[in-house]
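S.K.: Here is a sequence with its predicted model. Questions after.
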Amino acid sequence: MKRAIALILALTLVLAVFLTGCSSNETPASEEETSISTAGEEPKLKVGLVLAGGLGDRSFYDSANEGVEKAKGDLGIEAKVYECRNDPSLYTDQLVQASEYADVVAIVGHEFYELSQEIASEFPDIYYIYVDNEIEGIDNLITISYMENEGSFLAGALAAMLTTETSIEGMDEGKVIGMVGGLDIPVIRNFYVGYEAGAKYIDPEIDVRVIYAGDFEDPAKGKEAATALYAGGADIVFHAAGKTGEGVFEAAEELGKYAIGVDADQRYINPDHIIASMIKKVGQSIYDAIISIQNDEVEEGKVIFYGLEQDGVGLGFGTDDMPQFVTEEMKAKIEEIKEKIIDGEIEVPTAKEE
């Protein structure tokens, strides 16, 4: 990318000199025109955002786009979004199109694991930011890995504290909570093992159940899975399922139960039934990576990790004007657990492959 920008600047300079030499017999340009033509402004950084799914999930993909939009506003970049809408026939085409347009390409979706490495080798002057993966040794491929198990540990602890709060309508004395995952893959299992471990940290007797819906884009499947978990005794269901998770929220509302959102603070969607969200700061990490590229501070070929210590994951409780199910005492307990994880007193299990 640095070489590409340098080449553009060099060509601009040559063209400016050529035009100056050829203009001796022409009417002199005005002062304003001269200042514009010789300003020599550095070309804007172009960023392409490639999504395996599409915008509108109010979760993972939208969070990624928020990071790019923030970079547009703060850093003055240009950007385009390339949506694949979960159509495998579009993955290669969209990624190549983004690579031909941009200086930096942000890739979102586990589906691009192999393809990202191939394309990065074909476009060595482009920087790639690939979130939710760990790939080392390719200089122009920056991968970002999130410790979603740490954030989910807090979500599980919170669910365990709330599930027997019978003063809240819809909660019973049963010690059952649930989770709906999009697909049974390592990153989603990592949510589950953290969620289960956090719940059992609070109460070893709690029963933590999971159903994998088999899709990240189908709210109907999310609703079916959540309905089964609620019918089995759960009164709180956490989701790590993208747009499929919207079905979890629908089931919670219809059955008078509760849900925990994911990736973004989703409480605004239904604050009467979404008690909290496990926030995974995908957008912030993409924004940070763009800054590091602009400032020529990239550690090439390295994995960047975002956990509790880096403020890359955590819990969101919505705004003060929303109904609050989580007491200040519970929040203090969550903060205490968070510090113990950061300090190493609590070791959170992981399901990610080594």
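M.R.: Cool, got the structure. Residues are numbered from 1 along each chain as shown.

S.K.: which residues sit in contact with the residue most central in space within the chain?
M.R.: Centroid-nearest residue in the chain, with C-alpha atoms, centre = their mean: Val282, separated by 2.7 Å. Taking C-beta atoms under 8 Å, 6 or more residues apart in numbering as the criterion, Val282 is in contact with 60, 63-64, 67, 108, 131-132, 146, 263. (Each C-beta comes from the backbone N, C-alpha and C, glycine too.)

S.K.: Over to Thr350?
M.R.: For Thr350, the contacting residues are 147, 149, 190, 193-194, by C-beta under 8 Å, 6+ apart.

S.K.: Walk me through the domains of the chain.
M.R.: Domain ranges of the chain: 2-147+283-306, 148-282+314-343, per automatic domain parsing.

S.K.: From one end of the last one to the other, what's the distance?
M.R.: Domain 148-282+314-343 has an end-to-end distance of 17 Å (criterion: C-alpha to C-alpha, to the nearest Å).

S.K.: Next up, the contacts around Lys80.
M.R.: Going by C-beta under 8 Å, 6+ apart, Lys80 touches 46-49, 98, 101-102.

S.K.: if you look at those, which of them are in helices?
M.R.: Residues of the contacts of Lys80 located in helices (DSSP state H): 98, 101.

S.K.: Among the contacts of Lys80, which one sits closest to Arg267?
M.R.: Nearest to Arg267 out of the contacts of Lys80 is Leu49 (C-beta to C-beta; 25.3 Å).

S.K.: Out of the domains of the chain, which gets the lowest mean score?
M.R.: The minimum mean pLDDT among the domains of the chain belongs to domain 2-147+283-306 (a mean of 82).

S.K.: among the contacts of Thr350, which two are most distant?
M.R.: Met147 and Val193 (11.7 Å).

S.K.: Just the helices from the stretch 201-350 of the chain, written as ranges.
M.R.: Using DSSP state H, counting those that start in this stretch, the helices of the stretch 201-350 of the chain run over residues 219-231, 245-255, 282-294, 328-343.

S.K.: just to revisit the earlier point, can you tell me which of the contacts of Val282 lies closest to Gly307?
M.R.: Of all those, Tyr146 has the smallest distance to Gly307: 7.3 Å, by C-beta to C-beta.

S.K.: Excluding chain neighbours, what is closest to the closest one?
M.R.: Tyr306 (4.9 Å; C-beta to C-beta, 6 or more residues apart in numbering).

S.K.: cool, Ile275 as well?
M.R.: Excluding its sequence neighbours, the residue lying closest to Ile275 (C-beta to C-beta, 6+ apart) is Phe325, at 4.6 Å.

S.K.: And Ile107, by the same measure?
M.R.: Per C-beta to C-beta, 6+ apart, closest to Ile107 is Tyr130, 4.5 Å.

S.K.: Which helix or strand contains the one you found?
M.R.: Counting by DSSP states H and E, the element that carries Tyr130 is strand 127-131.

S.K.: Report the angle between that strand and helix 282-294.
M.R.: Here strand 127-131 runs at an angle of 160 degrees relative to helix 282-294 (axes from the mean of the first three to the mean of the last three C-alpha atoms, to 10 degrees).

S.K.: List the contacts of strand 127-131.
M.R.: Identification of contacts with strand 127-131 by C-beta under 8 Å, 6+ apart yields 1, 64, 103-108, 112, 116, 119-120, 140-144, 146, 282, 285-286, 289-290, 293, 298.
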